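Visitor: the amino acid sequence is not available; the structure is as follows:
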Ligand SMILES: NC(=O)C1=CN([C@@H]2O[C@H](COP(=O)(O)OP(=O)(O)OC[C@H]3O[C@@H](n4cnc5c(N)ncnc54)[C@H](OP(=O)(O)O)[C@@H]3O)[C@@H](O)[C@H]2O)C=CC1
Ligand SMILES: CC(=O)[C@@H](O)[C@H](O)COP(=O)(O)O
Ligand SMILES: [Mn+2]
């Protein structure tokens with residue numbers, strides 16, 4: 001029986017994780033749940049899964065519950081230190097996930113990682129302390145599966161697939177609305193990652209995530225647009241064999257794999273039936289002129305610390321401003337580029353310094369937004 005802690009249990013990945021765990025009660029037990037501000041949903045989850053401890057980080061709200069109740073960021077730290085878990089699913093959205101992910105990695109056990117922002121910003125520190133990281137992000141889970149049993153020196157390059165988002169074919173991006181940006185063609189996800197998919201920043205963050213996870217230089221991490229989101233990613237080997245992982249777009253598949261690796265669970269989700277649907281699998285180059293965020297991410301990673309932290313912070317501010325209709329969709333990459341230009345921060349020497357740079361870079365990005 002594996003004891004599972006979920007950071008971000010009330011979100012899209014959190015709920016899909018609970019759905020997987022619920023199907024295998026003999027294999028997994030929920031031991032702790034951490035959420036931001038959705039006390040109502042956390043309470044329902046606590047009633048069903050009966051964890052030893054819960055934490056609401058962003059409100060002082062409290063509900064009576066037969067276990068330990070923590071609040072605030074200090075509360076997450078205490079919960080992680082106190083609760084004895086085998087697997088932590090890291091699924092808080094954004095840079096709010098950096099410290100909880102780091103603390104969970106430090107504690108030992110398996111880190112089932114969905115929160116890509118924590119690797120983008122603090123990959124150096126998290127990979128230093130983590131005992132085992134199994135990716136949950138669909139592309140990285142695909143790469144991880146393709147690399148299974150292969151020698152690292154046989155890898156020529158990895159190829160991340162990107163759906164291209166809802167605006168792949170749209171001429172004019174100036175008048176894009178938040179409602180349109182929140183309609184992902186294939187995946188149902190939280191708001192931040194959905195808008196990032198529409199700008200291609202999600203793929204940029206995933207390139208950096210892949211560099212840390214698989215210890216590869218950015219030159220060996222490529223991106224191809226694949227609008228059907230069936231091929232989740234590919235690896236090209238030294239003999240020019242290409243191995244890919246395919247499946248229906250359902251996050252319960254990579255979540256289940258991260259929980260059960262090296263085994264596979266008998267997971268009842270929709271089968272991929274290519275012959276029934278006459279499904280076409282197509283691939284094309286990303287359009288980096290209309291979607292500059294992808295190139296900005298490569299640039300930030302090549303520039304090194306602290307630029308990936310600044311990139312991510314500015315993106316979070318820009319996405320929030322776009323969703324509040326303060327800036328147009330096309331201003332998102334402009335805010336990020338300008339914030340990176342103005343940023344004058346030192347290289348961080350600890351995860352606490354990463355968090356401080358994130359805070360200051362967000363302040364700077366807000367000023368950039370005001371000046372637009
Ligand atoms: N959704 C998906 O299919 C995929 C997501 N990912 C990544 O997984 C992560 C989560 O994404 P997703 O589930 O879509 O996001 P959601 O927005 O659906 O959920 C975010 C979760 O984080 C919690 N949260 C937010 N802020 C804080 C905070 N300060 N402290 C503690 N908890 C907080 C929310 O709590 P509350 O709601 O209670 O406020 C919620 O539980 C992201 O990094 C994303 O990029 C990666 C691949 C696929
Ligand atoms: C499901 C998942 O892993 C998301 O990160 C997904 O990749 C988003 O789709 P895009 O390919 O459009 O970024
Ligand atoms: Mn992904």
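Guide: Noted; the coordinates are in hand. The structure displayed is predicted, hence computed values, not measured ones. Ligands and ions are numbered 1, 2, ... in the order given.
Visitor: and the one residue in the stretch 1-150 of the chain that gets nearest to ligand 1, how far is that from residue 111?
Guide: Nearest residue of the stretch 1-150 of the chain to ligand 1: residue 11, at 1.9 Å (Cβ to the nearest ligand atom). Backbone N, C-alpha and C define where each C-beta goes, glycine included. Distance of residue 11 to residue 111, computed by Cβ to Cβ, to the nearest Å: 17 Å.
Visitor: report whether stretch 191-206 contacts ligand 3.
Guide: No. Shown here: stretch 191-206 not in contact with ligand 3 (Cβ under 5 Å from the ion), separated by at least 5.5 Å.
Visitor: model confidence score at residue 73, please.
Guide: Residue 73 carries a pLDDT value of 97.
Visitor: hmm, it is touching residue 56, no?
Guide: No. Here residue 73 does not reach residue 56: they are 11.1 Å apart, not a contact under Cβ atoms under 8 Å.
Visitor: ok, the two, which is more surrounded?
Guide: Taking neighbours as other Cβ atoms under 10 Å, residue 73 and residue 56 compare with residue 56 leading, 25 against 16.
Visitor: the more buried one contacts residue 41, correct?
Guide: No. The pair residue 56 / residue 41 is not scored as a contact, 10.4 Å apart, by Cβ under 8 Å.
Visitor: what is in contact with the two at once?
Guide: residue 35 (Cβ atoms under 8 Å, 6 or more residues apart in numbering).
Visitor: please enumerate the strands of the stretch 1-150 of the chain.
Guide: Secondary structure of the stretch 1-150 of the chain, counting by DSSP state E, counting those that start in this stretch: strands at 2-7, 28-35, 53-56, 68-71, 87-90, 110-113, 132-135.
Visitor: how about the residue of the stretch 1-150 of the chain closest to ligand 1, what does it touch?
Guide: 91-93, 190.
Visitor: filter those to the buried ones?
Guide: Among the contacts of residue 11, the ones that count as buried by 16 or more other Cβ atoms under 10 Å are 91-93, 190.
Visitor: and the pLDDT for the residue of the stretch 251-372 of the chain found nearest ligand 2?
Guide: Using Cβ to the nearest ligand atom, the single residue of the stretch 251-372 of the chain nearest to ligand 2 is residue 251, 5.7 Å away. Looking at residue 251, its pLDDT reads 98.
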